[in-house]
Every structure is written in C-alpha cells, then in structure tokens.
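[1] predicted coordinates and the sequence they were generated for:
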Amino acid sequence: MAIPTEPIGRIPRPPSLIRAVAAFHTGQLSEEALEQEQAEALRDTIQRLEQTGSPVITDGEQTKPSFATYPLAGLKNLAPDGVVIPFADGHTRQLPRLTASPFHYEVHAASYLRAARAYTHRPIKQAVISASAMSLLYPPQEIPGYPREAFLADLIAEAAEDIRGALDAGAANVQIDFTEARLSLKLDPSGNLLRSFVALNNQVLESFTPTERLSIGVHVCPGGDHDSTHSADVDYAALLPELFQLNVGRFYLQMASEPDRKRVLGTVKQVLQPHHLVFIGVIDPINPGIGTPAEVQARILEAAAILPIAQLGTTDDCGFSPFADDTSTARDIAFSKIRARVEGTEIASRELGV
C-alpha cells in the first residue's frame, strides 16, 4: 500500500475479559485464569486485526489497565487522589498521586510487544505513555526528600527506557500517547504548560539518534472515553505549532471528527518539516456509524490536496477503548471501522496513483 495506514492501538476488550478482570480484583478468579483470558483476548485481537488487512498490528492494549497507567501496576508509593481529568459529558478520570521516592516504571511496554509477537509475523507498533502525562503524578506540594527535579530526572530516564526497550524488542515504530497536549491548553490557555510538556518530552527524545527518532511518533487527540472528549473545544491551530516542535518523525493527528479539517490541514502544512510523516485520522471512533471506504477515500483526497502525498498516512482519530472498562464502542464495530480505513486507504492510493 503506497499510503501507509496504522491503528492508534486500543481495541475494546471482549466482555469475557472485562468480567475476568473484575472477578480477579474481587478475589473470585485466580491470576492463572486471568492470564489465560488475557492471552485469548490478545490472540483474537491480533487475528482480527490481520483479517482487516491492516499492514501494521498492535496488541490492542488488551492487558493494559489503561493507556496511561500501565507503568504503574504494582507500585506501592501511590495514592488514588491525583489529578482529575473532566470529560464533556460530566464523567471524570483520576490519576494516582506519587507519595514517596523513588519513581520508576514497574512495567515497561516491551513486555506487551513480546507477548504480541507470539501471535503475528506482521510489523508491530507499540504505544507508550508520554513523560508529560506521568509528570502529573507529582503532587503540588514537594515530597520530602524527593524534590520535583529529582523526580523528573528519574521520569526522563524511565520514559526513555520504555521507548528504547520497545525498539530493541523489534517494534516497527513507537507511538507516544500525548493526549494531554490539547487538554493542557484548556488548563492553561497561555501555552506555558504545553511548552513545558513539549520540552520534557524532548528531553526524553535526546536519548535517541535522528535515525531512531524517525521511528518514533506522537499521537494527539481531544480524548475519547465513554464516547466523550476532554478538550475538543480547544482550537487545533493553537496546539499544532508547538506540537511540531517535538523531535519525532511521525505525527498521528485526530482529524475525522474535526469540524474544519481544511483549516487545520492548512496549519499542518505550515509546520510540516521534510522528514515528517503525518498520519491523519480518517475514522472517528466516537461516531456510532461505522464509516465507509468511500468516506475514508474522500477524507484522504481532501488531505492530499493540501499535504504532500509522500508525507501522508492514515489512522484512527483515537483509540477505541483507552481505559479497560470502556464499553461504549462494540468490539465488532471497532474492527469494522478499521477495515473501512484500510480499504478506503487502498482506494485512495490507487486513485492518487501512488
């Protein structure tokens, strides 16, 4: 396929897995039985992704508690009362709060990639959480004996190791999930918080060579949890110039659900550098409709009239189920949407002659 296409990564879990996780947490299911359910969900996810024709596979994040908190599973120096993220429909998500030193990742993303490799020979993309999202774990009041500067140094090292481990384990590319980017402009319209986030993530990226950074990308969207967003009302044009200061080679941009795509694509054109590959969202996971290959084709042709075709790829706006308990999108619908993206991208590629 001339125009590359990739999933963001998060696929709704099978109901049996959701029930198994709940039973495990209440002591009604053994760890061994849970692992069997997780392995079956992983196998089925990869098989069904392959059946969509997707040239790049993910693990669907079937065994992550969430896209954001997977490194923290098992840590003891956390309290549940951290930063609260409000969504437009009124529901919230809450991050944990770090209570003591040291900070480290208990789980690294490479473990998910190695598990997925057992079920496919296709290229595997690995998602990791951004250092800027993890920085929100540190409380407003300084932790005694562990100043914020020391925490950030540990965080930068851990985030770099997370990416390095995925690359060393054979990831075709690594996607940094940076959904807090757009939200930061809602929290701080001055842009100072966003700039600090970009600077922190760039400190992580300093650990990699220019060639390695071509295989590292960043994903942004206005959130997508229980069919609701946290920052869709923030103007994309205020985000993109700062976002493209990140030292990565790939950008995965929510676009299908954007009300004025042509204006946003024009901003992308202004900030695009020759070494960048931009994957535009052509599927809206929140929209209850599946979407058709023809709709995907039209969105690609719209983008190709503005952006260089050689730097254009397609993706989904967001993951379909960023948190393990999100059942707002049916699993079958998610795979149907992915198939529409793959087929629509193939059609557009032929029409564009690439």
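    All right, it came through fine. Predicted, not measured: the structure shown is a model, and the values here were computed from it.
[2] all contacts plus neighbour counts: C-alpha atoms, from now on.
    Will do.
[3] which strand in the protein runs the most residues?
    Taking DSSP state E as the criterion, the chain has its longest strand at strand 277-283.
[4] and the contacts of it?
    Residues outside strand 277-283 that contact it (Cα atoms under 8 Å, 6 or more residues apart in numbering) are 5, 249-257, 291, 296, 299-300, 311-318, 337-338, 341.
[5] now, those residues that are in strands?
    Short answer: these in strands (DSSP E) are 250-253, 312-316.
[6] now render these as TSV, adding distance to P189, pLDDT and neighbour count.
    Formatted as TSV, those follow (distance: Cα to Cα, whole Å; pLDDT from 0 to 100; neighbours: other Cα atoms under 10 Å):
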residue	distance to P189	pLDDT	neighbour count
R250	26	98	26
F251	23	98	24
Y252	23	98	27
L253	20	98	23
L312	30	98	20
G313	30	98	24
T314	29	98	26
T315	28	98	28
D316	27	96	26
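[7] pick the one among the residues you listed closest to V234.
    Distance to V234 across the ones in strands among the contacts of strand 277-283 (Cα to Cα) is lowest for L253, with 14.3 Å.
[8] which non-adjacent residue is nearest that closest one?
    I280 (5.1 Å; Cα to Cα, 6 or more residues apart in numbering).
[9] low pLDDT regions in the chain?
    1 (pLDDT under 70).
[10] in it, which spans are strands?
    78-79, 84-86, 92-94, 97-98, 125-129, 173-177, 216-220, 250-253, 277-283, 312-316.
[11] make CSV out of those and add distance to V204.
    Below are the strands of the chain laid out as CSV (distance: least, Cα to Cα, whole Å):
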stretch, distance to V204
strand 78-79, 23
strand 84-86, 24
strand 92-94, 25
strand 97-98, 20
strand 125-129, 12
strand 173-177, 11
strand 216-220, 12
strand 250-253, 16
strand 277-283, 20
strand 312-316, 25
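[12] go through these and name the closest to A23.
    Per Cα to Cα, nearest to A23 of the strands of the chain: strand 92-94, 21.7 Å.
[13] who's in contact with the closest one?
    Against strand 92-94 from outside (Cα under 8 Å, 6+ apart): 80-86.
[14] quick one: buried ones out of those?
    Those of the contacts of strand 92-94 that meet the buried threshold are 82, 86, by 16 or more other Cα atoms under 10 Å.
[15] what sits against the nearest residue to L75 once chain neighbours are set aside?
    By the measure of Cα to Cα, 6+ apart, the closest residue to L75 outside its immediate chain neighbours is E106, 6.4 Å from it. Counting by Cα under 8 Å, 6+ apart, E106 touches 71-75.
[16] buried subset of these, written for ChimeraX?
    Under the burial definition 16+ other Cα under 10 Å, those of these that qualify are selected in ChimeraX by:
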select :71,72
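[17] relative to A39, which of the contacts of E106 is nearest.
    For those, the nearest to A39 is A73 (18.1 Å; Cα to Cα).
[18] surely that closest one meets H108?
    No - with contact taken as Cα atoms under 8 Å, A73 and H108 are classed as non-touching, separated by 10.2 Å.
[19] hey, what's the residue nearest to the spatial centre of the chain bridged with?
    Against the mean C-alpha coordinate of the chain, by Cα atoms, centre = their mean, the closest residue is D177 at 3.8 Å. Assessed by DSSP bridges, D177 has beta-bridge partners I129, H219.
[20] what do you get for I280?
    L253, T314.
[21] distance of it from G313?
    Distance, I280 to G313, using Cα to Cα, to the nearest Å: 6 Å.
[22] and for I85?
    Counting by Cα to Cα, the gap from I85 to G313 is 30 Å.
[23] ok, now H104?
    34 Å.
[24] and L17, by the same measure?
    32 Å.
[25] one more: D284?
    16 Å.
[26] ok, A41 next?
    Using Cα to Cα, A41 is found at 28 Å from G313.
[27] could you do T5 as well?
    6 Å.
[28] one more: Y105?
    32 Å.
[29] can you check S336 too?
    From S336 to G313 the distance is 19 Å (Cα to Cα).
[30] now swap in E37 and tell me
    34 Å.
[31] repeat that for D89.
    Counting by Cα to Cα, the gap from D89 to G313 is 31 Å.
[32] one more: P144?
    47 Å.
[33] follow-up on the earlier one: kindly indicate which of the ones in strands among the contacts of strand 277-283 lies nearest D325.
    Out of the ones in strands among the contacts of strand 277-283, the member with the shortest distance to D325 (by Cα to Cα) is D316, at 20.1 Å.
[34] and that closest one, what does it touch?
    Listed by Cα under 8 Å, 6+ apart, the contact set of D316 reads 6-8, 254, 256, 280-285, 338, 341.
[35] go on, K269?
    With Cα under 8 Å, 6+ apart, K269 has these contacts: 306-307.
[36] repeat for L185
    L185 touches 191, 193-194, 234, 239, counting by Cα under 8 Å, 6+ apart.
[37] do T229 as well
    For T229, the contacting residues are 87-89, 222-223, by Cα under 8 Å, 6+ apart.
[38] against S349, how distant is it?
    Taking Cα to Cα, one finds T229 at 31 Å from S349.
[39] pull up the distance across stretch 245-260, start to finish.
    Terminal-residue distance, stretch 245-260 (Cα to Cα): 23 Å.
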